[in-house]
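Peer 1: Here's my sequence, what's the structure:
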Amino acid sequence: MYRNLISAFCGLAAAVSSSAAENTAGAPEAVAAARAVNREVPDLLERFVNWLHGFFPGINETMFHWIACAVLFLAAILLRHIITNIIFHYLKKMAAKTETTLDDKLFPALEGPTATLVMVAGIFAALTVLQLSEQVDRWVTGGAKISALAVVLWGMIRAGGAILDHLGEIAHEKHMTVATFMPLIKKTLFVFAVIFGVLVIAQSQGLPVQSFLAGLGIGGLAFALAAQDTIANLFGSFVVVMDQPFKVGDIVKIGANEGKVEDIGLRSTKVRTGARTLIVIPNKSVANEPITNFTRMPQRRVDQTLALTYDTTPDQLEAVIGDIRALLHDDADVHQDTIVVNFANYGASSLDVQLVWFATDPDWVKHMAVRERINLKIMRAVAARGLTFAFPTQTVQLTGSIAQKLAQR
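Peer 2: Numbers count the residues shown, from 1 in each chain. Alright, predicted model coming up:
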């Protein structure tokens, strides 16, 4: 009895696994073998039912086939219960004791597909022993192939997602830039897996997949022309993944758009501006536009021009420049490697002093607080020297008889 049970199960597994080879062009041996296996599975099940019927000869043969159908269905439910509540429960307890978290994600991800695959096999076996019409048997066999392949594809997607989630956690812990792009990589692989699975299922049903793929070469040009923007956005997303100019959470300027990156998708990148509006930028524009990443600045640059009045003497100007240099050097929030304070130009209405320095923290809010503090110190230093800031002024000189008459008044 056990030998027949094992033979029936192995024959069923071979029928499901050989479905892809059944329709492969240029491989008649594989096709013949697959068809032979498809005939062998019902035969094995039928021999098993007849053998089992020998122990209960008093039961009508048709009735016994219905009883065997119910038994196989209940056996599938029992096996599914054993897999989910015993085997996987034990595996998950073992996974909780290991150091890695991969098995903690992998076993729950595979539990559902494994239990479903057992039910698909049980339902297929139960319907097969009923000896229904040839047309119904073909439908059952076709449905079993589609269901089994779909469940296998589901399991592969779940397992792949668990592995990618584990790799994403490792990347986050190590502060790797690729961690930001793990959702994008996961979406891309999911799309390719679904497309591949649909093609395999279509081929298992005898559909002309190869002719369809060959036709894509002819229709590919028309499709590329019609979907060139979409394709350009997909290539742009790959460029973003490869170059990694920014990640989610970075403050960036992409072309004329500036804000915080909220999402990086297959088609577009979403940026939240300072006005709290959301800008959706196509990835082809992201790949072509200059990108400024403010988050990756080690310090934030400050470039200022102080305009002093022309009545400032050289000694006063030299003294106030020294005062400004000293207060910048004494401030702990000013990066000390680059501090530039120099008398730069004779302006149209002022003596211009150029200041270039860097705030140690690139955060915009903190940098503005440092900038305010420095500006107030500069104002006090200028006032302490008795100097004033210049503003645009003009002096008009009038000469001649008209000017003399106006002066006399």
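
Peer 1: ok, so what distance separates residue 83 from residue 121?
Peer 2: To residue 121, residue 83 is 12 Å away according to C-beta to C-beta, to the nearest Å. Where you see a C-beta, it was placed from the backbone N, CA and C, and this is true even at glycine.

Peer 1: In the chain, which helix is the longest?
Peer 2: As assigned by DSSP state H, the longest helix anywhere in the chain is helix 134-173.

Peer 1: what stretches of the chain score poorly on pLDDT?
Peer 2: 1-58, 60-62, 65, 131-132, 175-181, 209, 211-228, 398, 403, 406-409 (pLDDT under 70).

Peer 1: Recalculate using a threshold of 50.
Peer 2: Confidence mapping of the chain against pLDDT under 50 gives the ranges 1-37.

Peer 1: Tell me where it has helices.
Peer 2: Taking DSSP H as the criterion, the chain contains helices spanning 2-17, 19-22, 28-53, 61-82, 88-97, 102-128, 134-173, 182-204, 209-226, 228-243, 283-288, 314-330, 364-384, 401-408.

Peer 1: Could you export the ones you listed as JSON lines, including distance to residue 254?
Peer 2: Formatted as JSON lines, these follow (distance: least, C-beta to C-beta, whole Å):
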{"stretch": "helix 2-17", "distance to residue 254": "49"}
{"stretch": "helix 19-22", "distance to residue 254": "45"}
{"stretch": "helix 28-53", "distance to residue 254": "53"}
{"stretch": "helix 61-82", "distance to residue 254": "51"}
{"stretch": "helix 88-97", "distance to residue 254": "43"}
{"stretch": "helix 102-128", "distance to residue 254": "34"}
{"stretch": "helix 134-173", "distance to residue 254": "24"}
{"stretch": "helix 182-204", "distance to residue 254": "17"}
{"stretch": "helix 209-226", "distance to residue 254": "26"}
{"stretch": "helix 228-243", "distance to residue 254": "10"}
{"stretch": "helix 283-288", "distance to residue 254": "6"}
{"stretch": "helix 314-330", "distance to residue 254": "33"}
{"stretch": "helix 364-384", "distance to residue 254": "17"}
{"stretch": "helix 401-408", "distance to residue 254": "59"}
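
Peer 1: looking at the ones you listed, which is closest to residue 269?
Peer 2: When the helices of the chain are compared by C-beta to C-beta, helix 283-288 sits nearest residue 269, at 5.3 Å.

Peer 1: Now that closest one: buried residues?
Peer 2: For helix 283-288, burial by neighbour count (16 or more other C-beta atoms under 10 Å) applies to 283-287.

Peer 1: Leaving aside the residues adjacent along the chain, what's closest to residue 164?
Peer 2: Nearest residue to residue 164, sequence neighbours excluded (C-beta to C-beta, 6 or more residues apart in numbering): residue 186, at 4.9 Å.

Peer 1: What residue spans form the domains of this structure?
Peer 2: Domain ranges of the chain: 2-176+190-205, 227-293, 300-384, per automatic domain parsing.

Peer 1: Out of the ones you listed, which is closest to residue 390?
Peer 2: domain 300-384 (3.4 Å).

Peer 1: tell me how far the ends of the closest one are from each other?
Peer 2: End-to-end distance for domain 300-384: 29 Å, by C-alpha to C-alpha, to the nearest Å.

Peer 1: ok, now stretch 242-261?
Peer 2: First residue to last in stretch 242-261 (C-alpha to C-alpha) measures 17 Å.

Peer 1: what's the spacing between that stretch and its chain's center?
Peer 2: 15 Å (C-alpha atoms, centre = their mean, to the nearest Å).

Peer 1: Same question for it: list its buried residues.
Peer 2: Buried residues in stretch 242-261, defined by neighbour count with 16+ other C-beta under 10 Å: 245-248, 250-252, 254, 257, 259-261.

Peer 1: go on, stretch 183-194?
Peer 2: Neighbour counts using 16+ other C-beta under 10 Å place 183-184, 186, 188, 193 of stretch 183-194 among the buried residues.

Peer 1: ok, so of those residues, who is nearest residue 71?
Peer 2: For the buried residues of stretch 183-194, the nearest to residue 71 is residue 193 (36.4 Å; C-beta to C-beta).

Peer 1: OK, contacts around the nearest residue to that closest one once chain neighbours are set aside?
Peer 2: Distances taken as C-beta to C-beta, 6+ apart place residue 157 nearest to residue 193, at 5.4 Å, with adjacent residues excluded. Counting by C-beta atoms under 8 Å, 6 or more residues apart in numbering, residue 157 touches 190, 193-194.

Peer 1: CSV for those residues, including distance to residue 165?
Peer 2: As requested, these are arranged in CSV below (distance: C-beta to C-beta, whole Å):
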residue, distance to residue 165
190, 12
193, 15
194, 18
